[in-house]
Structures are given as structure tokens and as C-alpha cells.
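Q: Just need the structure, nothing else, for what follows:
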Amino acid sequence: MFKTTVLGAVIALAPMALAAQITLTAETTTPGSTPHYIDTTLAAVLDSAGVAQMQITEGATLTNSVQAVAEGRLDMAPAPLILPFLLSRGIGPYSGIGAEKGAELAANIRVLFFNAGSGQVFGYYNNNPVEDIRNLDGKRVWNGPPRGAALTSGRAMVQLLAGLKDGEGYEGIQNPWPDTVSAITGGSADAWTIPEGLPSGRQIAIAAAGGTTLHDIPSDLLASELGQQILKAPGHAPYSVSVAEYRAAYEGSDITIVTDDDTFDTYATAFGQIVPAGMDDELAYNIVKAMLEGKDRFLTGSPRGPFLFMSFGDIDGVSQGACGAVKVKMHPGAIRAYEEAGHTVADCMRP
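A: Residues are numbered from 1 along each chain as shown. Sure, this is the predicted structure:
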């Protein structure tokens, strides 16, 4: 991991600004990912608005980042919403914390805004094709990093497509995020399933080693009982993009997109930008106010901008992957910023 500090104006010549300067510590994922783009763009927006500087550690393991925010050791992080859910119960990667302490820590998490820009895909190389994505018996499938939300989502994808569990019918392969591309291009997997933004630099890099095919979830499987359970599972949100837009996003790359209708449909990894509950109300308000006013910068600063599914409008909770099993609350300062901008916020999001 390494740190990037987004600097504000030169404050050595401005003693008044020096006194008011705020530096926020933040952690995010690797460059090229959706959370990384959102965080670095947010840093630039906050800098331009004079709200704060963000000192960002890149390549972080978000399981650890969520706990650090909950403990007040970190100011901000992008959180797959399944992680506060697991923390609140002291299970999964937080089993060592226990239910009581986990619930106490999870209660210290607040959300500033949401996004669901990473849709789960299933892919393989065309020179080693998967003839039937519903039959993955004996296959080696890269399904995520060694632990965390992405691994849970990857395993769910294979279970939905082929009815198989990791280690029972297929071999799940896991590597840390920085090793994903090299692991796949090196031939250690027959296929892969990854939550990806659109377009994904990772998928473009994988396809540079040979033509690939990416699938969404077939309509009948998505509409099935299991499909709907996965779609509504903690940490997930609906994801649907027209297949024309999806293909256009990869124009020029040797990537074939396969769907059974005119949309690319799957489930997204629901994210919330989290901060400690004790963050100053005015600071939280100013961060979200700047984010909402900087909408165009998020949408136009990258080809993936239009597909971030950021919460620039009303917050109903359900569309954001909350107000169900996941019971995270928004920061009061964030709620004030949304309401002053003319947006509604569901009662279930209020602390």
C-alpha cells in the first residue's frame, strides 16, 4: 500500500487558512477500481471547495478499513455494505471480535453517500471457453481475494450459475487484489467472476493477453428464488445497464459481451462512504454538499463515471442496499446536505 495526499492551496502564505485546514485520513482500493476513482475524485472535489485535504492510502483491505473507521482510527473509507453487517454480528472476517463488541463497533459507523458501481461478471478466455456457464464442474474459477465481500459475492455467482459451492464441484482460486490480473493471465484459472466497474481496467488488462467473453446473469436465474435471494442479500443491490452501452464501454478491446436480452443484468456490490459517528456535523455536511455540487466531475472525469450509480438524488435506502438486513445509518450532517439540495431521505436511514 502507499499513500497519496491530495494537496490544497499553498497555505504557507495564508496563516488564516492554516488554522482552518482539515486533513482527513482515508483508505481505498487499488488504482483502476471504482472505489479508488470515487475517492480520488472526492479528494479533488473537497480540495477545490476548500473543505479538506484527503490523505489516501491505496490498495487497502477494506475489511480492515471498516474496522478502523468503526474504532475511530480512520476518518473515511469506502465500505461494501456487507462488511458493517458482518461486523455488527461479529461473524465472517470479524468472528474474532465477537457479537457484542462487533455490534458496538458497527453502531459507530455512519454513511455519507452510496454507490453501486461494481456489477458481478463471469468471464473466460475464448481460447479456453466455458461451453456452458451452468456447468462448471471441475473448473478452476478465480472468485475473489482471500476474504471479504468480493469473495462472498463471487462464490454466490458460481452457486447461482451452476449450483456449486467452493471446493464442492469446482476449485475456487483466490489472490490478493494486486495479483488478480497476473493470476488470471498466468493460466491458473479456467474462468473468473469479479465485481467490476464499467469499463473495467482490470478486464481490459486481462483481455490484452487474449480475447475474452463476459456474461451477465441469465434472466431465468436472476428471477429464480435463489437469484432474488442473492440480489437482496446483505451487501448487494440491483445492477442493470443496456447491453449497447456495456459493449460500447469496451469498444476497441477484444471483449465479447453475452446477455440473453437487451440489458446486462446482475447484482452490484453496494457501497457506502463511511465515517465515524462522531465526525463533526458541519464537516460531514460540507463534504456531502461538495460531493453533490461536484456531480459533473464524478460523471465526466472517467469513462466509468456514468455507471457509478452514485446517490446524487433521493435516498430510499432499498436502492442503495440498505434498510433491509443491512441497517447502516447516514450521518446527520449528510442528511442535512441532501435535504437542503432538495432530496428526500428515508426514515430508515436516520440515526
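Q: only C-alpha atoms for contact and neighbour calcs from this point on.
A: OK.
Q: Show me the helices in the stretch 151-300 of the chain, by range?
A: Counting by DSSP state H, counting those that start in this stretch, the stretch 151-300 of the chain has helices at residues 180-185, 201-207, 219-223, 225-231, 243-249, 281-293, 295-300.
Q: Please render those helices as a markdown table that adds mean pLDDT, mean neighbour count and distance to T256 to the earlier fields.
A: Shown next, in a markdown table, are those (pLDDT from 0 to 100; neighbours: other Cα atoms under 10 Å; distance: least, Cα to Cα, whole Å):
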| stretch | mean pLDDT | mean neighbour count | distance to T256 |
| --- | --- | --- | --- |
| helix 180-185 | 95 | 18 | 17 |
| helix 201-207 | 95 | 19 | 10 |
| helix 219-223 | 97 | 15 | 18 |
| helix 225-231 | 94 | 17 | 24 |
| helix 243-249 | 96 | 15 | 8 |
| helix 281-293 | 98 | 20 | 35 |
| helix 295-300 | 96 | 16 | 25 |
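Q: E339: which of these is closest?
A: Nearest of the helices of the stretch 151-300 of the chain to E339, taken as Cα to Cα: helix 281-293 at 10.1 Å.
Q: Show me the contact partners of the closest one.
A: By Cα atoms under 8 Å, 6 or more residues apart in numbering, the residues outside helix 281-293 that reach it are 42, 45-46, 49, 51, 112-113, 312, 331-338, 341.
Q: And those residues, which of them are buried?
A: 42, 45-46, 49, 51, 112-113, 312, 331-338 (16 or more other Cα atoms under 10 Å).
Q: from the residues you listed, which single one is nearest A205?
A: L42 (25.6 Å).
Q: I'd assumed that closest one was in a helix, is it?
A: Yes - secondary structure of L42 (DSSP: H, G, I helix; E, B strand; the rest coil): part of a helix.
Q: sorry, back to before: next step: the buried ones among the contacts of helix 281-293 restricted to strands.
A: 112-113 (DSSP state E).
Q: wait, which of the buried ones among the contacts of helix 281-293 is closest to H236?
A: Distances from H236 to the buried ones among the contacts of helix 281-293, taken by Cα to Cα, are shortest for F113, at 15.6 Å.
Q: ok, the closest one to G313 distance?
A: 10 Å (Cα to Cα, to the nearest Å).
Q: Also P218?
A: Looking at P218 against G313, where the rule is Cα to Cα, the gap reads 30 Å.
Q: Break this protein down into its structural domains.
A: 2-116+272-349, 119-269 (automatic domain parsing).
Q: By mean pLDDT, show me the worst of those domains.
A: Mean pLDDT is lowest for domain 2-116+272-349 among these, at a mean of 90.
Q: what separates it from the chain centre, distance-wise?
A: Mean C-alpha position of domain 2-116+272-349 versus that of the full chain (Cα atoms, centre = their mean, to the nearest Å) differs by 12 Å.
Q: ok, now stretch 168-178?
A: Averaging C-alpha positions (Cα atoms, centre = their mean) puts stretch 168-178 19 Å from its chain's average.
Q: what's in contact with it?
A: 30, 59, 136-146, 164, 166, 183, 189.
Q: next one: phi and psi at the residue nearest to F298 when sequence neighbours are not counted?
A: Computed as Cα to Cα, 6 or more residues apart in numbering, the closest residue to F298 that is not its neighbour in sequence is G305, at 5.7 Å. For G305, the backbone dihedrals (degrees, to the nearest 10) come out as phi -50, psi -50.
Q: Compute the number of surrounding residues for G305.
A: G305 is flanked by 22 other residues according to other Cα atoms under 10 Å.
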